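Student: Generate a structure from the sequence data that follows.
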Amino acid sequence: LQVPPAEVEAALDAADRAQLAEIAAAIQESQSGRGSYETIQVVHEAASAPRTHVLRRGNYLKPGVEVQPALLGILLPPGEVPSGSDQRPPSQPAGESSGRRLRLARQLTNPDVLAGQYVSRVFVNRVWQQVFGKGIVATSDNFGVSGAEPTHPELLDWLTTEFLRGGWRVKPLIRQMMLSNAYRQLSETGAATTEAERIDPANDLLWRMNLRRLDSEYVRDAMLATSGKLDRSLFGTFIPVEVRPDGMVVIKQEGLPTPTYQWRRSLYVLARRNYHLTMLRVFDQPIVAANCTVRQPSAVVTQSLTLLHDDFVLEQAGCFADRVMTLAPDAVEQQVATAFRIALNRPPSEEETNWSVELLEQQSARFREGAESDADVSRNALAQLCKMLFNTNEFLYVR
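Tutor: Numbering: from 1, shown residues only. As a prediction, this is how the structure comes out:
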């Protein structure tokens with residue numbers, strides 16, 4: 001039974017109408033960040049598939065023998081000879097597409113053939129590399145004879161089998177890795193690990209966790225999350241950047257959709273060739289013009305200088321101080337404990353508390369010389385402590 005809309009409208013009271021208006025306003029606000037495009041240009045294949053020739057000495061003006069599409073021989077079962085076919089797949093409507101790319105994609109993701117098993121194995125290794133900092137096959141872009149041998153081939157095969165059995169679902173794969181004893185180890189070394197370091201200095205046997213510095217995007221996002229300013233909204237246009245006269249590339253403040261748009265995750269920051277946000281470039285964000293299979297983190301003096309003097313870091317340190325003062329408005333020791341808990345996810349030791357209180361006293365005395373108000377003195381001194389927490393190895397590295 002369907003009730004006509006007019007009768008439904010008439011049955012609503014004032015409270016119902018007000019609630020519907022609030023829901024409509026909320027929906028409109030949530031949709032405001034989505035981009036709109038007037039024209040989208042697409043490329044489609046011709047009715048007949050183009051002919052492909054071997055180019056003599058790589059010269060496109062000298063086509064040689066014609067070849068047919070087929071998988072590489074290394075992706076085929078042993079003994080099977082590559083054979084091309086120009087037949088159109090039955091699922092593809094005639095006259096619309098040759099279906100070659102779709103057919104290749106299906107072959108590469110078919111778990112019942114070697115091609116799909118090879119591709120899934122490479123993907124699982126990439127996920128392991130992201131989680132542990134180093135792949136089971138160290139050369140994640142080269143699984144050939146010239147690449148590195150897997151340190152744990154049986155483990156890689158087992159993870160790949162589980163990945164395929166789970167329907168290529170990535171989250172269960174990551175959960176499986178992160179719940180393992182290997183992942184939950186510390187990266188610290190000491191007297192108890194001297195013999196292990198001597199036998200396996202590269203940690204190929206996973207007797208400890210690899211020490212990993214946060215990627216450039218994670219460093220910026222961690223500061224935003226710690227300061228409480230992270231905008232977690234999804235979708236929408238990219239965050240624009242601009243080049244200042246001093247050469248710094250920063251977030252462009254004009255024309256942003258919302259005041260907090262500049263504090264969205266670094267995933268949304270515009271990245272162009274040689275045109276990266278300075279905060280991200282300093283921490284080794286790769287250049288998008290080249291393929292980057294493994295990031296190479298560096299430890300250079302410009303990173304320390306950035307964490308001490310960059311405008312973004314100083315801004316977020318001030319916001320972090322405001323957050324701490326809101327949660328712990330009175331006792332200095334309580335503010336120190338709150339700052340450590342938010343930034344490092346642990347309480348400070350007694351020695352760290354004494355150091356922090358001493359730092360706050362020294363900075364407060366310095367700011368009082370500038371004839372600032374007591375509130376500004378406390379806030380600015382606490383901001384210096386928050387900035388120091390941003391500079392700690394414990395904040396920048398995954399232990």
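Student: Need the pLDDT of the closest residue to Val398 other than its chain neighbours.
Tutor: Once flanking residues are discounted, Val398 sits nearest to Arg212: 4.6 Å by C-beta to C-beta, 6 or more residues apart in numbering. From N, CA and C alone the C-beta is placed, and that goes for glycine too. On the pLDDT scale, Arg212 is placed at 87.
Student: do the one 10 residues further on as well
Tutor: On the pLDDT scale, Ala222 is placed at 93.
Student: coming back round to it: the residue nearest to Val398 is in contact with Gly133, isn't it?
Tutor: Yes. Using C-beta atoms under 8 Å, Arg212 is in contact with Gly133, at 4.2 Å.
Student: so where do the strands sit in the protein?
Tutor: Applying DSSP state E to the chain gives strands spanning 52-55, 63-67, 212-213, 241-243, 249-251, 397-398.
Student: Who does the third one pair with, and is each partner parallel or antiparallel?
Tutor: So the one you mean is strand 212-213. strand 397-398 (antiparallel) (DSSP bridges).
Student: what's the distance between the partner strand and the middle of its chain?
Tutor: A distance of 15 Å separates the centroid of the chain from that of strand 397-398, by C-alpha atoms, centre = their mean, to the nearest Å.
Student: for that strand, what is the average pLDDT?
Tutor: The model assigns strand 397-398 a mean pLDDT of 86.
Student: ok, now stretch 319-331?
Tutor: So the average pLDDT for stretch 319-331 ends up being 89.
Student: So for that stretch, what gets flagged as buried?
Tutor: Using 16 or more other C-beta atoms under 10 Å as the test for burial, stretch 319-331 gives Cys319, Phe320, Ala321, Asp322, Arg323, Val324, Met325, Ala328.
Student: Tell me how far the nearest residue to Ala343 once chain neighbours are set aside lies from Trp355.
Tutor: Nearest non-adjacent residue to Ala343, counting by C-beta to C-beta, 6+ apart: Leu389, 4.2 Å away. Taking C-beta to C-beta, to the nearest Å as the measure, Leu389 falls 12 Å from Trp355.
Student: So those two - more neighbours on which side?
Tutor: Ranked by neighbour count (other C-beta atoms under 10 Å), Leu389 and Trp355 place Leu389 first, with 20 against 15.
Student: Surely the more buried one touches Ala339?
Tutor: Yes. Using C-beta under 8 Å, Leu389 makes contact with Ala339 at a distance of 6.2 Å.
Student: so what sits against both of these two?
Tutor: Phe320 (C-beta atoms under 8 Å, 6 or more residues apart in numbering).
Student: sorry, back to before: now do the contacts for the residue nearest to Ala343.
Tutor: Phe320, Ala339, Phe340, Ala343, Leu344, Phe395.
Student: sorry, back to before: looking at the strands of the chain, which is closest to Val377?
Tutor: strand 249-251 (28.7 Å; C-beta to C-beta).
Student: Apart from its chain neighbours, what residue comes closest to Leu205?
Tutor: Per C-beta to C-beta, 6+ apart, closest to Leu205 is Thr151, 7.5 Å.
Student: Low-confidence regions, the chain specifically.
Tutor: Along the chain, the model assigns pLDDT under 70 to residues 1-10, 33-38, 43-48, 81-97, 370-372.
Student: hmm, 80 instead?
Tutor: 1-17, 29-50, 71-100, 272-274, 288-290, 292, 330, 370-375, 399 (pLDDT under 80).
Student: Give me the distance between the two termini of stretch 162-169.
Tutor: End-to-end distance for stretch 162-169, by C-alpha to C-alpha, to the nearest Å: 10 Å.
Student: Can you give the contact residues for that stretch?
Tutor: Outside stretch 162-169, the residues within contact range by C-beta under 8 Å, 6+ apart are Thr109, Pro111, Gly116, Gln117, Ser120, Phe123, Val124, Pro172, Leu173, Gln176.
Student: now those residues in TSV, with distance to Gly236 and neighbour count?
Tutor: Shown next, in TSV, are the contacts of stretch 162-169 (distance: C-beta to C-beta, whole Å; neighbours: other C-beta atoms under 10 Å):
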residue	distance to Gly236	neighbour count
Thr109	31	14
Pro111	36	16
Gly116	35	18
Gln117	39	17
Ser120	33	20
Phe123	29	16
Val124	32	25
Pro172	29	13
Leu173	29	20
Gln176	33	15
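Student: Which members of those residues occur in helices, if any?
Tutor: Gly116, Gln117, Ser120, Phe123, Val124, Pro172, Leu173, Gln176 (DSSP state H).
Student: Which one of those residues is nearest to Val54?
Tutor: Once C-beta to C-beta is applied, the member of these that ends up nearest Val54 is Gly116, at 27.5 Å.
Student: how close does the spatially closest residue to the closest one that is not a sequence neighbour sit to Arg264?
Tutor: In space, and not counting its chain neighbours, Gly116 is closest to Asn110: 4.2 Å by C-beta to C-beta, 6+ apart. Per C-beta to C-beta, Asn110 is found 38 Å from Arg264.
Student: okay, the two: which has more neighbours?
Tutor: Comparing Asn110 with Arg264 by other C-beta under 10 Å, the one with more neighbours is Arg264, at 23 against 14.
Student: Wait, that one touches Phe235, no?
Tutor: No. In this structure, Arg264 is not within contact of Phe235 by C-beta under 8 Å, at 10.4 Å.
Student: partners of Val243 in the sheet?
Tutor: Beta-bridge partners of Val243, as defined by DSSP bridges: Val249.
Student: Around it, count how many other residues there are.
Tutor: Counted with other C-beta under 10 Å, residues neighbouring Val243 total 12.
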